[in-house]
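*Asks:* build me a model from this:
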Amino acid sequence: MRNVFDQYDQPENRITHALLTALNEDRRLLASFLRDLAHVTPPTNPAKLTVLEQQYPGEAEASEDELERRGIPDGWIFDDEQWCIFIESKVLARITLDQITRHRRTAERMGFRTITAIAIAATFPQQLTRDGVVLLEWPRIYAWLHRKSSEHVWAARVAKYLEIAEAKMLLARQYMEGTLTMFAGFPFGRDHPITYLEAKRVLALAMGELRNRRDLRDTLGMRPERPGRPAITGRTGDRV
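*Replies:* Model prediction:
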């Protein structure tokens, strides 16, 4: 069955759609996002804010081709009193300072006076840190969603979707700098059967964690600079 978030073709648009849908549907989750991750205080109750994606305020939703052509921000959160947040998110591509600058100028032309820029990606270019942009890495958002999942069903849905999206990109060899999720242990057991895609994702994250653990180099005699061995498959197969 097709996932409820799979209405776009591009990974960036699908994943951003998942996050913004959750924030729009669960306004307590939106309040937590603004407070805990964006570190901004809206001038009104989050229940009264407007959450938009893939369009400008006051316009109809754009197609994916139009998004690329016009350079529309991936998301907006705003009120009726000249306050707004615009969101630019990437998964495989990189966010540039020029994109953020153009979006900010657009927001100013639309009459917004209190403007916050949020950039979401796996990694960021150095120049973005000098522009007053709120930088959110996807693994940090994933960890926040994971913490909220026990009391917010939409947070659980998006966290799971990030895991699925990351596994699919690994299978399709759509590699990116950084990750969408983070290693949270091996979840497989009697109530959580192992699957090839999920095992591949978790193993990749675990190896990434190991390579970053300097304290394990002496303990395990590990050499993190060495490449891993190729997958053990049959002569005609492509799976372990």
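
*Asks:* just the helices in this protein please.
*Replies:* 11-25, 27-32, 64-70, 97-109, 138-148, 153-171, 196-211, 215-220 (DSSP state H).

*Asks:* out of the ones you listed, nearest to residue 57?
*Replies:* For these, the distance to residue 57 is smallest for helix 97-109, at 9.1 Å, taking Cβ to Cβ. From N, CA and C alone the C-beta is placed, and that goes for glycine too.

*Asks:* can you give me the buried ones in the closest one?
*Replies:* 97, 99-100, 103-104, 106-107 (16 or more other Cβ atoms under 10 Å).

*Asks:* deepest of the helices of the chain, which one?
*Replies:* helix 11-25 (a mean of 21; mean count of other Cβ atoms under 10 Å).

*Asks:* what's the angle between that one and helix 153-171?
*Replies:* Orientation check (axes from the mean of the first three to the mean of the last three Cα atoms, to 10 degrees): helix 11-25 against helix 153-171 gives 170 degrees.

*Asks:* relative to residue 112, how far out is the residue nearest in space to the middle of the chain?
*Replies:* Nearest to the mean C-alpha position of the chain, counting by Cα atoms, centre = their mean, stands residue 138 at 3.9 Å. To residue 112, residue 138 is 26 Å away according to Cβ to Cβ, to the nearest Å.

*Asks:* same thing with residue 146?
*Replies:* Counting by Cβ to Cβ, the gap from residue 146 to residue 112 is 32 Å.

*Asks:* same deal with residue 16?
*Replies:* Counting by Cβ to Cβ, the gap from residue 16 to residue 112 is 20 Å.

*Asks:* one more: residue 124?
*Replies:* 24 Å.

*Asks:* got the buried residues of helix 97-109 as CSV, with distance to residue 38 columns?
*Replies:* Output for the buried residues of helix 97-109, formatted as CSV (distance: Cβ to Cβ, whole Å):
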residue, distance to residue 38
97, 19
99, 18
100, 15
103, 16
104, 16
106, 19
107, 15
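
*Asks:* out of these, which one sits closest to residue 79?
*Replies:* residue 107 (13.1 Å).
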